[in-house]
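Colleague: What shape does this take:
(one chain, ligands or ions: 2)
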Amino acid sequence: MKHVIGVDLGTSAVKLLVVNETGEVVMEVSKPYPLSHPKSGWSEQDPNDWVRETIAGLSEVAAALPQATTQIEGISFSGQMHGLVLLDEQNEVLRPAILWNDTRTSPQCKAIYEKLGAERLQQLAKNPALEGFTLPKLMWVREHEPEVFTKAAKFVLPKDYVRLKLTGALHTDYSDAAGTLLLDIEGRTWSEPLCSAFGIDPLICPPLVESHACVGQLTEDTALATGLPRQTPVFAGGADNACGAVGAGILEDGKTLASIGTSGVMLSYQEEKGKTFGGGVHYFNHAAEDAFYTMGVTLAAGYSLSWFKQTFAPEETFPQLLAGVAEVPPGANGLLFTPYLAGERTPHADATIRASFIGADSSHTKADFTRAILEGITFSLRESLDLFREQGKTIERIVSIGGGVKSETWLQMQADIFQTPIVKQTSEQGPGMGAAMLAAYGAGWFGSLKECAEAFIKQDAVFEPDCNRAKTYETLYELYKQVYPATAAICKALSSFRK
Ligand SMILES: Nc1ncnc2c1ncn2[C@@H]1O[C@H](COP(=O)(O)OP(=O)(O)O)[C@@H](O)[C@H]1O
Ligand SMILES: O=C(CO)[C@@H](O)[C@H](O)COP(=O)(O)O
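Modeller: Ligands and ions are numbered 1, 2, ... in the order given. Coordinates of the predicted model:
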């Protein structure tokens, strides 16, 4: 039987999905790598860790499925967005990648607004200037590490670097380019006015391709290192949220997903071009051709839970940590959490805000704290959902993807807080499945991504909202929304005390 491989380069790990022609996942491999925070608000990874772990994952696939490897008709990628990978003339990395959740670039974002003004920026980039985006990171390196910047021949996004090392071919796709703040989103070219306003040589930007485009095959070295055939076709792939949308079947207006990975995302397909939803959300190219989506982002969603586990229960697994949480009532016995460990994007674009537990008392247990964290993350995503609903988007059901899907308690909580049915698919790996689907479509298995979605995507369960819990959560949500304005000034004043 024919197979494709979807490689999802997440923030916590690279996850590989081997999928057969009926859409069945025949093998999954996950290879973690470290995340480093050299200073408060900084977030970096070594791009060569991504390459090493991807090759290790592909080798595991080749060893476990020797017959299947000769029938692999494509590999494609999904990647954490916005991260700046700077390359020299020889395509070697010049410094650690500066990631999507790094907020060191507030002065550069301010400079972008001062130069263009919010209205002109919105007109050209269709997005606000946010610390996580790639352009302010380029400006930061130019200002703070000029000796590095002068050596930079190209920049790429994270998954593009991995693909470059596997194939020797250098590209990015429209969905990932959209998150740089340098793309003319609807014109689908690097924006000449944006590049020239900020002194960025367009030659530093990688060539643009469609997400399903075949960009080459494995190099001889990669074939040797992995055990996969050299002629295996490689397809460009897309931004992880665009791929998540493909893998969750978000391919027409009204279809919406909630993703809880390291970040949290509320994403909806956007038929009407250029709608800004008040400027607080992102508007990006889809991995499907000539299509767009809009989304709000919580910077520390799953990251809040993994931070809590690592700090207070490092010996426990996630299922052990979550074991008592279903028995704790909504509201965690009077404990509220706001997930601002790394600053925030939507609806509060604020790099200095930090997280809070409000209402802690001596009766609270670890299970109360854990439940408060799950609720706080979900309230934060509800704020993005409200932005869409308030501007007239009809959202009747939400597909949930990402690591958070592993907890049924969390899925039910999403249904109760979002007040909408939550769909769980057979694979929670939305981005990896989306990458596999791009390979399947690129390889010509299907006439369109929609046809591929019909064949590949399978629903596993639906979680319906419970009226009583939804009502309780409405009261709690109103309290949650008061925490940001009440703590913003305090967090700003505390920022000079941070590491
Ligand atoms: N059993 C579990 N129950 C609930 N959440 C989980 C579980 N296991 C992992 N997670 C959450 O999933 C997150 C990782 O999700 P994932 O989609 O793999 O992230 P990424 O793509 O950013 O690497 C972790 O940070 C954690 O919060
Ligand atoms: O910055 C964004 C979206 O704008 C993040 O969603 C990143 O794309 C990281 O994704 P995960 O590692 O959480 O999947």
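Colleague: which SS state does residue 152 fall under?
Modeller: Three-state call for residue 152 (DSSP: H, G, I helix; E, B strand; the rest coil): coil.
Colleague: any idea how far it is from ligand 2?
Modeller: 22 Å (C-beta to the nearest ligand atom, to the nearest Å). Any C-beta I mention is one placed from the backbone N, CA and C, and that applies to glycine too.
Colleague: pLDDT at that residue, what is it?
Modeller: Here, the pLDDT recorded for residue 152 equals 98.
Colleague: Which residue is the nearest non-sequential neighbour of it?
Modeller: Nearest residue to residue 152, sequence neighbours excluded (C-beta to C-beta, 6 or more residues apart in numbering): residue 86, at 4.7 Å.
Colleague: can you check residue 416 too?
Modeller: residue 469 (4.3 Å).
Colleague: I figured that neighbour was touching residue 329, is that so?
Modeller: No: contact criterion C-beta atoms under 8 Å: residue 469 and residue 329 do not qualify, at 9.1 Å.
Colleague: So between those two, which is more surrounded?
Modeller: Higher neighbour count among residue 469 and residue 329: residue 469, with 16 against 11, using other C-beta atoms under 10 Å.
Colleague: Can you pull the domain assignment for the protein?
Modeller: Structurally, the chain divides into domains by automatic domain parsing as follows: 3-242, 249-497.
Colleague: Least confident secondary structure element in this protein?
Modeller: helix 66-69 (a mean of 80; mean pLDDT, DSSP states H and E).
Colleague: In the stretch 51-200 of the chain, mark out all the helices, start to finish.
Modeller: 66-69, 106-116, 118-125, 134-144, 146-149, 158-167, 174-177, 192-197 (DSSP state H, counting those that start in this stretch).
Colleague: what is the mean pLDDT for the helix or strand just after the last one?
Modeller: Scanning forward in sequence from helix 192-197 by DSSP states H and E, the next helix or strand is strand 208-209. The average of the pLDDT scores along strand 208-209 is 98.
Colleague: Need the contact partners of strand 208-209.
Modeller: If you take C-beta atoms under 8 Å, 6 or more residues apart in numbering as the criterion, strand 208-209 is touched by 171-174, 177, 188-190, 215, 236.
Colleague: which one of those has the most neighbours?
Modeller: Across the contacts of strand 208-209, neighbour numbers were computed from other C-beta under 10 Å; residue 173 holds the maximum, 32 neighbours.
Colleague: Give the buried residues for the helix or strand harbouring the residue nearest to residue 416.
Modeller: Assigned by DSSP H and E, residue 469 belongs to helix 467-494. When burial is assessed from 16 or more other C-beta atoms under 10 Å, helix 467-494 yields the following buried residues: 469-470, 473, 476-477, 480, 483-484, 487-488, 491.
Colleague: One more: stretch 170-187?
Modeller: 170-185.
Colleague: Could you work out the end-to-end span of that stretch for me?
Modeller: Stretch 170-187 has an end-to-end distance of 21 Å (C-alpha to C-alpha, to the nearest Å).
Colleague: likewise stretch 242-254?
Modeller: Across stretch 242-254, first to last residue, C-alpha to C-alpha, it's 15 Å.
Colleague: Pull out the buried positions in it.
Modeller: Of the residues in stretch 242-254, those buried (16+ other C-beta under 10 Å) are 242-251.
Colleague: re earlier: the buried residues of stretch 170-187: which ones sit near ligand 2?
Modeller: Restricting these to those touching ligand 2 (C-beta under 6 Å from any ligand atom) yields residue 179.
Colleague: Among the buried residues of stretch 170-187, which are located in strands?
Modeller: The members of the buried residues of stretch 170-187 that map onto strands under DSSP state E are 172-173, 183-184.
Colleague: Contacts only, for the residue nearest to residue 152.
Modeller: With C-beta under 8 Å, 6+ apart, residue 86 has these contacts: 93-95, 141, 148-149, 152, 154-155.
Colleague: rerun at 7 Å
Modeller: With contacts defined as C-beta atoms under 7 Å, 6 or more residues apart in numbering, residue 86 is in contact with 93-95, 141, 148, 152, 155.
Colleague: Can you show me the strands along the stretch 201-350 of the chain?
Modeller: Taking DSSP state E, counting those that start in this stretch, the strands of the stretch 201-350 of the chain run over residues 208-209, 214-217, 233-235, 238-239, 256-260, 264-269, 282-285, 292-298, 336-338.
Colleague: Can you tell me which of those strands is most buried?
Modeller: Of these, the one with the most neighbours on average (mean count of other C-beta atoms under 10 Å) is strand 238-239, at a mean of 36.
Colleague: Show me what that strand is packed up against.
Modeller: helix 174-177 (3 or more C-beta pairs under 7 Å, 6 or more residues apart in numbering; DSSP states H and E).
Colleague: quick one: the closest residue to residue 37 other than its chain neighbours and ligand 2, what's the gap?
Modeller: With sequence-adjacent residues excluded and distances taken as C-beta to C-beta, 6+ apart, residue 37 is closest to residue 43, at 5.8 Å. Distance from residue 43 to ligand 2, counting by C-beta to the nearest ligand atom: 10 Å.
Colleague: what sits against residue 43?
Modeller: Contacts of residue 43 by C-beta under 7 Å, 6+ apart are 35, 37, 99, 101-102.
Colleague: What pLDDT is listed against it?
Modeller: With respect to pLDDT, residue 43 has a value of 97.
Colleague: cool, residue 297 as well?
Modeller: Per-residue confidence at residue 297 stands at 97 (pLDDT).
Colleague: That one reaches residue 345, doesn't it?
Modeller: Yes: using C-beta atoms under 7 Å, residue 297 is in contact with residue 345, at 4.4 Å.
Colleague: What parts of the chain come near ligand 2?
Modeller: Residues of the chain lying close to ligand 2 (C-beta under 6 Å from any ligand atom) are 10-11, 80-82, 100, 132, 179, 240-241, 261-263, 265, 297.
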